[in-house]
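*Asks:* Whatever this is, show me its structure:
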Amino acid sequence: MQIYLEEIWQEIEQKTEQVANLHLQQNLDYEKFAIYSIITHSTAIEGSTLTEQETEVLFESGLTAKGKPLLHHLMNTDLKNAYEFAVEQAKAKFLFSADFLKKINALVMKNTGGVNSTLGGDFDSSKGDFRLCNVTAGIGGKSYMNYLKIPEKVNAFCENLNEKLNAKPQNLKELYEIAFNAHLDLATIHPWVDGNGRTARLLMNFLQFHFKIVPTKIFMENRAEYIASLKESQETNDNSPFLKFMALEHLRTLNQIT
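*Replies:* As a prediction, the model looks like this:
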């Protein structure tokens, strides 16, 4: 049976009202552990093997999971620091800029990035530097945007996003689709050698923190569908497949809460 986007959003609005009645946003522990879960699933999409319980123990007690790679622990710890920065920044006045995005990515990649040398010069992915080389999605995969276009595209992306925020959107669907489209657009520009997915998902959640709406979790078990929706929207230049997937994923997030 075909599921229509309008029906999904009707159910999202109903579930959002149910969540609001639970007053969960007033519970700091709930917010903290919800973010822990989002982080676990975001890094799992990139290959981390830490479970939610192992991530919680790492964050709360500083204990590593036996037999799990150090890299996976660092990915989670770095992303936690990036989310803590995002939560605080979302409460204050801010302006999207290339430097702001570099700061977020630098936190995401602090302990897993490093200096890269190319014909275009040296750049440090642990400092959020934009890539100075062309990259593909895996061996034999599609080529991402030429690196020479990145500064211009990022500036245009930030200007567009700032204009949308200045318009003060109020409708729930509009708020979420601003966040979802920001995720899609940043992932499509692909400004960094690594950490693009984690940074794009963090940016989406950052906007949701700013709008004071329930943050969307992309479930690790839906990784294939997530990547397929991104790819379809990028190849067809049509955001509809990605927006529908994200609406369904947000509904799953709300169903898990209620």
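
*Asks:* What does residue 124 show for phi and psi?
*Replies:* In terms of degrees, to the nearest 10, the main-chain angles of residue 124 are phi -110, psi 110.

*Asks:* what's the answer for the one 4 residues further on, then?
*Replies:* In terms of degrees, to the nearest 10, the main-chain angles of residue 128 are phi 80, psi 10.

*Asks:* separation between it and residue 170?
*Replies:* Distance of residue 128 to residue 170, given as C-beta to C-beta, to the nearest Å: 32 Å. (Glycine included, C-beta is placed from N, CA and C.)

*Asks:* Look at these two and report which has more neighbours.
*Replies:* Applying other C-beta atoms under 10 Å to residue 128 and residue 170 shows that residue 128 carries more neighbours, namely 25 against 8.

*Asks:* Would you confirm that that one contacts residue 110?
*Replies:* No - applying C-beta atoms under 8 Å as the test, residue 128 and residue 110 come out as separate, 9.3 Å apart.

*Asks:* quick one, helices of the stretch 1-150 of the chain?
*Replies:* 5-22, 28-45, 52-61, 70-91, 98-108, 150-166 (DSSP state H, counting those that start in this stretch).

*Asks:* I'd like to know which of the ones you listed is closest to residue 218.
*Replies:* Smallest distance to residue 218 across the helices of the stretch 1-150 of the chain (C-beta to C-beta): 6.1 Å, for helix 28-45.

*Asks:* what's the closest one packed up against?
*Replies:* When contacts are defined as 3 or more C-beta pairs under 8 Å, 6 or more residues apart in numbering; DSSP states H and E, helix 28-45 packs onto helix 52-61, helix 70-91, helix 196-211, helix 223-236.

*Asks:* try it again with 10 Å
*Replies:* helix 52-61, helix 70-91, helix 196-211, helix 223-236, helix 240-257 (3 or more C-beta pairs under 10 Å, 6 or more residues apart in numbering; DSSP states H and E).

*Asks:* and residue 156, which of those is closest to it?
*Replies:* It's helix 196-211; of the helices and strands packed on helix 28-45, that one is closest to residue 156 (C-beta to C-beta) at 15.5 Å.

*Asks:* which residue is nearest the centroid of this structure?
*Replies:* residue 201 (0.5 Å; C-alpha atoms, centre = their mean).

*Asks:* sorry, back to before: comparing the helices of the stretch 1-150 of the chain, which comes out most buried?
*Replies:* Stretch with highest mean neighbour count among the helices of the stretch 1-150 of the chain: helix 98-108 (a mean of 20; mean count of other C-beta atoms under 10 Å).

*Asks:* and the angle from it to helix 28-45?
*Replies:* For helix 98-108 against helix 28-45, the angle by axes from the mean of the first three to the mean of the last three C-alpha atoms, to 10 degrees is 90 degrees.

*Asks:* other SSEs contacting helix 98-108?
*Replies:* helix 70-91, helix 150-166, helix 172-189, helix 196-211.

*Asks:* Distance from the helix or strand of the chain with the lowest mean pLDDT to the middle of the chain?
*Replies:* The helix or strand of the chain with the poorest confidence is strand 115-118; it has a mean of 78 (mean pLDDT, DSSP states H and E). Distance, stretch centre to chain centre, for strand 115-118: 25 Å (C-alpha atoms, centre = their mean, to the nearest Å).
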